[in-house]
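Chemist: When you get a sec, could you give me coordinates for this:
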Amino acid sequence: MEGIASSSSGRQARKAVSSKVESWILRFDSYVSVYWLEITWFTAYLLSNILIFIAGAVAEIEENHEGLKHSLLPIARGFGYTLNLNCGLVLLPGCLFIASKLQFSRVGSWFPFDKVKFIHRILGTAVVIGTLGHGILQVVLFATKSHPWTSGINGTISVFATGFLLVLFLVGLALFAVNTVRSRLWSYEWFWYTHITSMVLFVTALILHGQHRGKFVTWIYLCPSLILYAVDLGLRFCFRQAASLACHEAHVR
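Modeler: Purely as a prediction, here's the structure:
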């Protein structure tokens, strides 16, 4: 009787586990069927970051450094490459006018334009991670005298100054983007102005800091998105002026 009871309880346990697994599979299938577009783009984005991190690390490994520099500098360089990539992408979700027009076009069915604010937060978080990873490792290398900072405009001073300013402006960007802090500001306009000001200062410091062996490289990643963002701001201004003029004419009539 004990054997029959144990066999029955074993079957029930297996049936319960099988039922849970089937339930998880159904939930996963349902989730993928609803968010397949977002999952596809996020996977492509994640792979892009991994590949560019590896590219930066491998390029530094091939230099055959010694000691701590051989271990940490490739990782720092990898973080630097991902920082360049994400800084080049983070402005694109801010092109709200262009995104609103593309959302209802044929392109809209192939990209989640309705999630641009969430995408902006993800990219902003990746920028923070890249900055911290690159900065902390470079400070460790400098403090241990494993890697002197000599590639800046004015050597160590410019590298340290621009790096420090990068962190400072990034704190401003991240701090004012937190919901609890943003809600305490007087209005959305205050958040927008502080965010844009911090962004301009951050990008300026990043371009000055973003050198590799004496050559400016970061600006190459930033230029396309900066141009597109400037075009978007111009279009917003023009359409706002046109709408204001139309309202004024309607009021006069």
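Chemist: which stretches of the stretch 1-150 of the chain have low pLDDT?
Modeler: 1-17, 146-150 (pLDDT under 70).
Chemist: The stretch 151-253 of the chain now?
Modeler: Looking at the stretch 151-253 of the chain by pLDDT under 70, you get 151-157, 181-182, 185-187, 244-253.
Chemist: For it, just list every one of the helices.
Modeler: Using DSSP state H, counting those that start in this stretch, the helices of the stretch 151-253 of the chain run over 156-177, 179-182, 188-209, 218-252.
Chemist: Now mean neighbour count too, for those, in a markdown table please.
Modeler: Where C-beta positions appear, they are placed from N, C-alpha and C, glycine not excepted. Shown next, in a markdown table, are those (neighbours: other C-beta atoms under 10 Å):
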| stretch | mean neighbour count |
| --- | --- |
| helix 156-177 | 17 |
| helix 179-182 | 10 |
| helix 188-209 | 17 |
| helix 218-252 | 13 |
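Chemist: Relative to Ser109, which of those is closest?
Modeler: Closest approach to Ser109 among the helices of the stretch 151-253 of the chain is made by helix 218-252 (21.1 Å; C-beta to C-beta).
Chemist: I'd like to know which elements that closest one is packed against.
Modeler: Counting contacts by 3 or more C-beta pairs under 8 Å, 6 or more residues apart in numbering; DSSP states H and E, helix 218-252 is packed against helix 67-90, helix 96-103, helix 188-209.
Chemist: closest to Pro112 out of the ones you listed?
Modeler: helix 96-103 (9.1 Å).
Chemist: ok, then the element right after the closest one?
Modeler: Per DSSP states H and E, helix 96-103 leads on to helix 116-143 as the next helix or strand towards the C-terminus.
Chemist: elements contacting that next one?
Modeler: If you count contacts as 3+ C-beta pairs under 8 Å, 6+ apart, helix 116-143 packs onto helix 67-90, helix 156-177.
Chemist: Now do the buried residues in it.
Modeler: 116, 119-120, 122-124, 126-128, 130-131, 133-135, 137-138, 141-142 (16 or more other C-beta atoms under 10 Å).
Chemist: The helices of the stretch 151-253 of the chain: which one's closest to Ala57?
Modeler: helix 218-252 (17.4 Å).
Chemist: What is the longest helix of this protein by residue count?
Modeler: In the chain, taking DSSP state H as the definition, the longest helix is helix 2-61.
Chemist: quick one: buried residues of stretch 65-72?
Modeler: For stretch 65-72, by 16+ other C-beta under 10 Å, it's 65, 69, 72.
Chemist: could you dump those to TSV with distance to His212?
Modeler: Shown next, in TSV, are the buried residues of stretch 65-72 (distance: C-beta to C-beta, whole Å):
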residue	distance to His212
His65	15
Lys69	15
Leu72	16
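Chemist: pretty sure His65 is touching Ala76, no?
Modeler: No: counting by C-beta atoms under 8 Å, His65 sits too far from Ala76 to count as a contact (11.4 Å).
Chemist: related to what we said a few turns ago, among the helices and strands packed on helix 218-252, which is nearest Asp29?
Modeler: helix 96-103 (27.0 Å).
Chemist: sorry, back to before: relative orientation of the longest helix of the chain and helix 116-143 in degrees?
Modeler: Orientation of helix 2-61 against helix 116-143 (axes from the mean of the first three to the mean of the last three C-alpha atoms, to 10 degrees) gives an angle of 60 degrees.
Chemist: Packing partners of helix 2-61?
Modeler: On a contact count with 3+ C-beta pairs under 8 Å, 6+ apart, helix 2-61 meets helix 67-90.
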